[in-house]
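Q: One predicted model, sequence on top.
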Amino acid sequence: MRANNEVLEQLRSWVTSAELREDGRLPPERELAERFGISRAELRKALAVMEAEGGVKRHVGRGTFLLRNELVQALPLAVDIASRTSPPEAMQVRLIVEPEIARLAALKATSAQIAHMKELCAQMRASRTWSEYEDLDWRFHNLLAEASGNNLLVELQRLVNGVRRAVVWGHLAKRPVGPSPDYHSFAEHDALTEAIANRDRRGAAEAMRLHLNSTASTMLDEHA
């Protein structure tokens, strides 16, 4: 199922600036299709792409909801870069950027940010679907960047996270219903959060490096 690029760009642009309800719910499909002068089938294809990218979430019987404005704003550039990026290239950049983010987070994270990291770790363990897990993982890694105290790293991480998500999402979506209870990232996220909480800069950077290498190995095994 392939969405028309022009329709996607129009929808992304509208969602970014639209005044939506407090819960982020988009207008009904019929209304959106009429607004853009397209069929509901074309609209559903575009919404499916945006859901895979993490911009919106569709709930049967309830409607389609915007997840986060900053995520949607990052999508056009991230998706464009992702179209020219392989999973190994995305991982190479993560290995350069994210250990340093973790090191800075161990130095500068507030107690509230650390508490939020622990909360996200618990929520990831309770994820019932890969879509739910991926959304929480996105938030976790962006939170680490925010905890670094470096605004440029925050924006860079959002872009890298968006590219990573667009590059690997199609593969993730084909996995079983959700992560297994012993999924390796759970313990790795816990270890990373513990190192940050202990203000262990070297340990945090190494924990992130181990986590990314483990993730890369899993991806290679599943593509083999």
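A: Yep, that arrived.

Q: Can you pull out the low-pLDDT segments for this protein?
A: 1-4, 16-18, 21-23, 52-54, 68-80, 82-83, 166-176, 220-224 (pLDDT under 70).

Q: mind listing the helices for it?
A: 5-17, 29-36, 40-53, 69-82, 87-108, 111-125, 130-147, 151-172, 184-197, 201-223 (DSSP state H).

Q: Please name whichever of those helices is nearest to G61.
A: Across those, G61 has its closest neighbour in helix 29-36 (12.8 Å, Cβ to Cβ). Glycine gets a C-beta too; all of them are placed from N, C-alpha and C.

Q: So for that closest one, what gets flagged as buried?
A: 29, 32-33, 36 (16 or more other Cβ atoms under 10 Å).

Q: which of those lies closest to V15?
A: L32 (9.8 Å).

Q: Wait, that closest one touches L26, no?
A: Yes. Using Cβ atoms under 8 Å, L32 is in contact with L26, at 6.6 Å.

Q: Can you add distance to G63 and give the helices of the chain back as a markdown table?
A: Compiled in a markdown table, the helices of the chain are given as follows (distance: least, Cβ to Cβ, whole Å):
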| stretch | distance to G63 |
| --- | --- |
| helix 5-17 | 13 |
| helix 29-36 | 9 |
| helix 40-53 | 11 |
| helix 69-82 | 17 |
| helix 87-108 | 32 |
| helix 111-125 | 23 |
| helix 130-147 | 16 |
| helix 151-172 | 22 |
| helix 184-197 | 31 |
| helix 201-223 | 33 |
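
Q: Please report how far the closest residue to R40 other than its chain neighbours lies from Q10.
A: Distances taken as Cβ to Cβ, 6 or more residues apart in numbering put A33 closest to R40, at 4.8 Å, once the chain neighbours are dropped. Using Cβ to Cβ, to the nearest Å, A33 is found at 12 Å from Q10.

Q: wait, what's in contact with V154?
A: Applying Cβ atoms under 8 Å, 6 or more residues apart in numbering to V154 gives the contacts 142, 145-146, 148.

Q: and the gap between it and L144?
A: V154 is 10 Å from L144, by Cβ to Cβ.

Q: H211 now?
A: In terms of Cβ to Cβ, H211 sits 11 Å off from L144.

Q: likewise R25?
A: 30 Å.

Q: Name the residue in those two with the higher neighbour count.
A: Neighbour count, other Cβ atoms under 10 Å: between R25 and L144, L144 has more, with 27 against 15.

Q: Surely that one and A102 touch.
A: Yes. Between L144 and A102 there is a contact at 6.2 Å, judged by Cβ under 8 Å.

Q: Contacts for stretch 106-126, please.
A: 105, 133, 136-137, 139-140, 143-144, 146-149, 179, 181, 185-186, 189-190, 193, 195-201, 203-205.

Q: Kindly recompute the last result at 7 Å.
A: By Cβ atoms under 7 Å, 6 or more residues apart in numbering, the residues outside stretch 106-126 that reach it are 133, 136-137, 139-140, 143, 146-149, 186, 189-190, 193, 195-197, 199-201, 204.
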